[in-house]
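> show me the folded form of this:
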Amino acid sequence: MVALAVLLGAWVQAVAGLGMGLVTAPLVAIVAPELMPALPLWFGLLISGSATLLDHRHVDWSAIRWILPARALGTLPGVWLVVVFTSDQLGLVLATVVIMAVLVSWRTLQVPVNPGTMVTAGFLGGVGGTATSIAGPPVAILFQHGRPAEVRATLAVYFFGGVLMSLGALGVAGELPVASVWVALLCAPLVGLGLWLGTRTRDRLPREQFRRAVLLVSAVSALALVAKSVA
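Just a heads-up that it's a prediction; the model follows:
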């Protein structure tokens, strides 16, 4: 089941610029909570690193200079959340983050892109990315009206740099299970396959319907996680 989620998440992220965390994190939290948030972060590192190599020509480096340092600042409170809360409590936090992201993203919002909003989005992504492995929605909402190729490439760099920060901070805090590394390596071929499929289908799919389908899948996973955490 996790392998299927990884394949779907990689495909979604190759098409939309984000999605690996939204698809895989709720499922991992249900079937292997002891590997949260490390395992989805390893998946995110694999897909964002590969996407960065493929699409680096389209990166908006002026935006990266604002959002990536802000994500670094958000890493510390994210680690604090992981250390302080239990897996069930973090499951509820994760589910809340996913559901809020779905609600906010369902109807596209016009958010002004300026240094203030970029720093805010980057910081919120750092907190969410480290605590729950989901860092994309704040930045994706900010840049959603940009050129698709530029948005995907910029998000890839943001995710790659941010995931490295989050994994490093979790490692220092002793919250990086060795098992998460091995599971991520076993699933690495599926990440590559999903990326390959995504790059060959992303220009043929109706983007709005696809985006909403992903949001629905994410919301259902989050609701299942709420049920498990409460039970």
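
> any weak-confidence spans in the protein?
107-109, 207, 209-215, 217-218, 221, 225, 228, 231 (pLDDT under 70).

> what about the helices in it?
Secondary structure of the chain, counting by DSSP state H: helices at 2-16, 20-31, 38-55, 61-84, 87-106, 115-132, 136-143, 148-172, 178-201, 207-230.

> packing partners of the first one?
Pointing back at helix 2-16 there. Counting contacts by 3 or more Cβ pairs under 8 Å, 6 or more residues apart in numbering; DSSP states H and E, helix 2-16 is packed against helix 20-31, helix 38-55, helix 178-201, helix 207-230. C-beta here means a position set from N, CA and C on the backbone, and glycine is covered the same way.

> what's the distance between the nearest residue to residue 50 once chain neighbours are set aside and residue 10?
Distance criterion Cβ to Cβ, 6 or more residues apart in numbering; nearest residue to residue 50, sequence neighbours excluded, is residue 195 at 5.4 Å. Here residue 195 is placed at a distance of 5 Å from residue 10 (Cβ to Cβ, to the nearest Å).

> between those two, what contacts are shared?
Between them, residue 195 and residue 10 share the neighbouring residues residue 47, with contact defined by Cβ atoms under 8 Å, 6 or more residues apart in numbering.

> neighbour count winner among the two?
Shown here are residue 195 and residue 10; by other Cβ atoms under 10 Å, residue 10 has more neighbours (29 against 20).

> mind listing what the more buried one touches?
20, 43, 47, 190-195, 198.

> again, 6 Å this time
When contacts are counted by Cβ atoms under 6 Å, 6 or more residues apart in numbering, residue 10 touches 47, 191, 194-195.

> do the same with residue 82
Residue 82 touches 131, 175, counting by Cβ under 6 Å, 6+ apart.

> mind listing residues that contact stretch 131-149?
So stretch 131-149 is contacted by 18, 21, 25, 37, 40-41, 58, 67, 78, 81-82, 94, 97, 101, 108, 111, 113, 117, 121, 124-125, 128-129, 151, 158, 162 (Cβ under 6 Å, 6+ apart).

> stretch 44-55 too?
Applying Cβ under 6 Å, 6+ apart, the contact partners of stretch 44-55 are 10, 13, 20-21, 152-153, 156-157, 159-160, 163, 188, 191, 195.

> cool, and stretch 182-198?
Outside stretch 182-198, the residues touching it (Cβ under 6 Å, 6+ apart) are 3, 6-7, 10-11, 14-15, 39, 42, 46-47, 50.

> tell me which two in the contacts of stretch 44-55 are the farthest apart.
Farthest-apart pair in those is 153 and 188; separation 21.4 Å (Cβ to Cβ).
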